[in-house]
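Student: Here is my input; please provide its structure:
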Amino acid sequence: MKAGKIVSPSIDTNDLITIRRHRVAQISTVTCLGLFVSLFAARDITFDIMLVALAAMFTAAILAYKHFVVASSYLLLVTLSSMLFALSATGAGTFDIAMLGYPAIIIFAALLGGIGLFGTVLSLVLVQCITLTWLVMKGVITPNTPTLTWSHLTFIMIIFVITGFCVFILVQDIRRLMASLQLEYTKVKKNREHIQYLAHHDPLTNLPNRLLGERLFKEKLAQSEGNGLQLALAFIDLDNFKPVNDALGHSAGDRFLQHISQSINEKLSNDECLIRFGGDEFIVLAANITDRKHIETLCERLIKWCSSEFEVFQTNIVVSASIGVAIAPYDGAKFKQLCRKADVAMYEAKRNGRNRFEFYDVKFDEESDEKFSLIQRLRPAVLANQFEVYYQPLIDLKSGQICSIEALVRWPQNDGSLVFPDKFIPLAESSGLINPLGEWVLTQACLFCAKLHRNGYSEISVAVNLSFAQFKDGTLPSILKRALDLTQLNPRFLELELTESILADENGNIPEQLEQMKGLGVQFAIDDFGTGYSNLNFLRKFNAHKLKIDRIFINTLGLDENDVPLVSAIINIAESLGMVTVAEGIEHESALRKLKEMGCDIGQGFYWSKPVPEKQIEALIASQSYA
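Tutor: Coordinates of the predicted model:
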């Protein structure tokens, strides 16, 4: 029988009142019958006393049936005690057989009522006994010891029968109450066990949850250390599980989690146990680990099991798994500590391509600490505009003159060092700070370009990189318009650099935003060409102004001929599409010479200048000394 399904005759307050009413009515009725029988053996004053008592008992029974339980109880017990007092006073005093009934009255009072009824009846009985003794001692009444007759035996038997019956039914009530309490206790015990089970197990997969997992961890760690071995904690995160929920619904996702967890759990050994950590995350505790190869074998098996095909709602589902591993006691001896480190290692496995496992390394924490520190300082820095825009010149390879500048953001630190974009831009993208930061950079670049135009360099344009994340909320066109309106820069001198991945996104509203920005009159350049999709259809449809060849193809140009055909092909493609080609990362004369031979239009790189602050780029533009 499952906990919570027990049906027991539990007695609540209303039930107790009903039982009490029935018992008062039964005792009153039985006493009436006993008094009625006694009338046939009674004589003189005894007859009168019993007749009056009979009438009172009959009234008590009627009151009980009419649900006047308290009044009926008081009338019953007061009448009985008064009758016994009267019989004793007219008989043998405190030695009269009527005194046998007083203990029964006290018992009735205790069982039929509360402390009020019991106290009243007990006090009345004590007062009657004291009064009876005093009256005898003062000679007010003279005890009359009767000669024993069959009538007296009849009275005794009636007293015993009434008392015995009443005690019997009351004791039966007590037994039923005790049985009910025992069943209630059993029910509570089973419910407590069920609650304990629910508190320690995941309701969906029936696996141990993280609360029970911590206890299992301690047990297995003690067992492993006792054997001189180690314990491995493998943190599993299912790759690409979210699309299952999105495409098939959460019920399908739940069914899939049930299938995959059951499948893995059945394959684990006695030294291994599976725990659901939450969502699509699981933990495997493996005790008595002998060496690293042992763990690698386990992780390979787990990845294989997770990538099995499962049928859910007539749909075949396959996912993969990324696993991070921490080892106790080497990486720590506390469950939460090991979970965190294995989680860090798991994210490293995701960064390295997913469907793989990684062992925890202290350098992962150092990187995480650095990122955490950066992101804590990034928000106030963005709000306070604590950044600086550097500029790198783009050189017209035919004239040797600066034709454009690229805006590149830097984050100055108190110690005079700089944090470069590869460190903080991903954090700005993930934390939602990329839009305010991007707007600030865009505005600063437009302001500086407008300043150059006022100073006489009216043909120089400025290039600003755009992040994929800046397109997410659909506000980029309005941000761009606001920057142009504020700075009064002619839009044709603003060049927005896009990666191929931005152009390839057709699911969101990026194409619509790009069309709106085109309508403002700005120019576009395709950045890092050759490292992404390199889809010629994108180039043809989008009609960008410039094509920037990625630096990885330029670094060895002039030194290694392997990249020459590819760079030449890119330049020819751009020329056929009417695009200007820009070679990034030019650092030596041989690469420059080769690019000129191939007909490249513009060059950019340390050969001329690294990115520099405003004043330095102004000085470079003023000198125009590049040949």
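Student: on contacts alone, who are the packing partners of the biggest helix by length in the chain?
Tutor: Longest helix in the chain, counting residues (DSSP state H): helix 150-200. In terms of contacts (3 or more Cβ pairs under 8 Å, 6 or more residues apart in numbering; DSSP states H and E), helix 150-200 is packed against helix 13-39, helix 101-112, helix 210-226. Glycine gets a C-beta too; all of them are placed from N, C-alpha and C.
Student: any idea how far the longest one is from the chain center?
Tutor: Counting by Cα atoms, centre = their mean, to the nearest Å, helix 13-39 is centred 60 Å from the centre of its parent chain.
Student: That helix vs helix 101-112, what angle?
Tutor: For helix 13-39 against helix 101-112, the angle by axes from the mean of the first three to the mean of the last three Cα atoms, to 10 degrees is 160 degrees.
Student: Past helix 13-39, which element shows up next along the chain?
Tutor: helix 44-65 (DSSP states H and E).
Student: What's the separation between residue 207 and residue 200?
Tutor: 10 Å (Cβ to Cβ, to the nearest Å).
Student: typo on my end, it should be residue 58
Tutor: According to Cβ to Cβ, residue 58 and residue 200 sit 62 Å apart.
Student: Same question for residue 294.
Tutor: Here residue 294 is placed at a distance of 28 Å from residue 200 (Cβ to Cβ).
Student: Residue 80 now?
Tutor: From residue 80 to residue 200 the distance is 58 Å (Cβ to Cβ).
Student: residues near the residue lying closest to residue 467 once chain neighbours are set aside, how many?
Tutor: Spatially, and ignoring its direct neighbours in sequence, residue 467 is nearest to residue 434 (5.4 Å; Cβ to Cβ, 6 or more residues apart in numbering). Residue 434: 21 surrounding residues under other Cβ atoms under 10 Å.
Student: cool, and residue 624?
Tutor: A count of nearby residues for residue 624, using other Cβ under 10 Å, gives 11.
Student: Distance-wise, check the residue lying closest to it once chain neighbours are set aside relative to residue 525.
Tutor: Excluding the flanking residues, the one nearest residue 624 by Cβ to Cβ, 6+ apart is residue 401, at 5.6 Å. According to Cβ to Cβ, residue 401 and residue 525 sit 19 Å apart.
Student: if you count what's nearby, which of the two comes out ahead?
Tutor: residue 525 (23 against 16).
Student: Kindly indicate whether that one is helix, strand or coil.
Tutor: Following DSSP: H, G, I helix; E, B strand; the rest coil, residue 525 is assigned to strand.
Student: just checking, it touches residue 545?
Tutor: Yes. Contact between residue 525 and residue 545 holds when scored by Cβ atoms under 8 Å: they sit 6.2 Å apart.
Student: Find residues that contact each of the two.
Tutor: residue 495 (Cβ atoms under 8 Å, 6 or more residues apart in numbering).
Student: close enough to count as contact, residue 374 and residue 425?
Tutor: No. Applying Cβ under 8 Å, one finds residue 374 not in contact with residue 425, separated by 10.9 Å.
Student: Residue 88 versus residue 275, what's the distance?
Tutor: In terms of Cβ to Cβ, residue 275 sits 78 Å off from residue 88.
Student: swap in residue 623?
Tutor: In this view, residue 623 and residue 88 are 134 Å apart by Cβ to Cβ.
Student: quick one: average pLDDT of the longest helix of the chain?
Tutor: For helix 150-200, the mean pLDDT works out to 75.
Student: got the angle between that helix and helix 210-226?
Tutor: Using the same axes, to 10 degrees: helix 150-200 against helix 210-226 is 70 degrees.
Student: about what we covered before: more neighbours, residue 80 and residue 200?
Tutor: Using other Cβ under 10 Å as the criterion, residue 80 and residue 200 rank with residue 80 on top: 27 against 16.
Student: contacting residues for the more buried one?
Tutor: So residue 80 contacts 31, 53, 101, 105, 108 (Cβ under 8 Å, 6+ apart).
Student: What is the burial count for the first one?
Tutor: It stands for residue 31. When neighbours are counted by other Cβ under 10 Å, residue 31 registers 27.
Student: mind listing the helices for the stretch 301-450 of the chain?
Tutor: According to DSSP state H, counting those that start in this stretch, the stretch 301-450 of the chain carries its helices in the segments 335-351, 362-383, 421-431, 434-454.
Student: For the residue nearest to residue 227 when sequence neighbours are not counted, what are phi and psi?
Tutor: Excluding its sequence neighbours, the residue lying closest to residue 227 (Cβ to Cβ, 6+ apart) is residue 288, at 5.7 Å. Dihedral angles of residue 288 (phi, psi; degrees, to the nearest 10) stand at phi 60, psi 50.
Student: go on, residue 242?
Tutor: The phi and psi values for residue 242, taken as degrees, to the nearest 10, are phi -60, psi -40.
Student: Then residue 521?
Tutor: The phi and psi values for residue 521, taken as degrees, to the nearest 10, are phi 100, psi 10.
Student: Leaving out sequence neighbours, find the closest residue to it.
Tutor: residue 491 (3.5 Å).
Student: What's the local residue count around the one you found?
Tutor: Residue 491 has 16 neighbouring residues, counting by other Cβ under 10 Å.
Student: for residue 243, same thing?
Tutor: When neighbours are counted by other Cβ under 10 Å, residue 243 registers 11.
Student: Wasn't it part of a helix?
Tutor: Yes. Applying three-state DSSP, one finds residue 243 inside a helix.
Student: what pairs with the spatially most central residue of the chain across the strands?
Tutor: When Cα atoms, centre = their mean is applied to the chain, the residue found nearest the centroid is residue 278 (7.3 Å). Under DSSP bridges, the beta-bridge partners of residue 278 are residue 281.
Student: And it, how close does it get to residue 199?
Tutor: For residue 278 relative to residue 199 (Cβ to Cβ), the value is 15 Å.
Student: same check, this time on residue 487
Tutor: Counting by Cβ to Cβ, the gap from residue 487 to residue 199 is 62 Å.
Student: The two - which one has more neighbours?
Tutor: Taking neighbours as other Cβ under 10 Å, residue 487 and residue 199 compare with residue 487 leading, 19 against 10.
Student: Check the more buried one and give its pLDDT.
Tutor: Here, the pLDDT recorded for residue 487 equals 94.
Student: Tell me which helix or strand comes right after the lowest-mean-pLDDT helix or strand in the chain.
Tutor: With mean pLDDT, DSSP states H and E as the measure, the helix or strand of the chain carrying the lowest mean pLDDT is helix 536-542 (a mean of 68). With elements assigned by DSSP H and E, the helix or strand that comes after helix 536-542 is strand 546-549.
Student: hmm, who's touching that next one?
Tutor: Strand 546-549 is contacted from outside by 495, 497, 523-530, 539, 567, 570-571, 573-574, 577, 579-584, 600, 602, 604, using Cβ under 8 Å, 6+ apart.
Student: partners of that strand in the sheet?
Tutor: Paired strands of strand 546-549, with direction, are strand 523-529 (parallel), strand 580-583 (parallel) (DSSP bridges).
Student: Pick the most buried one from these.
Tutor: Greatest average neighbour count among these goes to strand 580-583 (a mean of 25), per mean count of other Cβ atoms under 10 Å.
Student: Now do that one: distance to the chain's middle.
Tutor: Relative to the centre of its chain, strand 580-583 is centred 52 Å away, using Cα atoms, centre = their mean.
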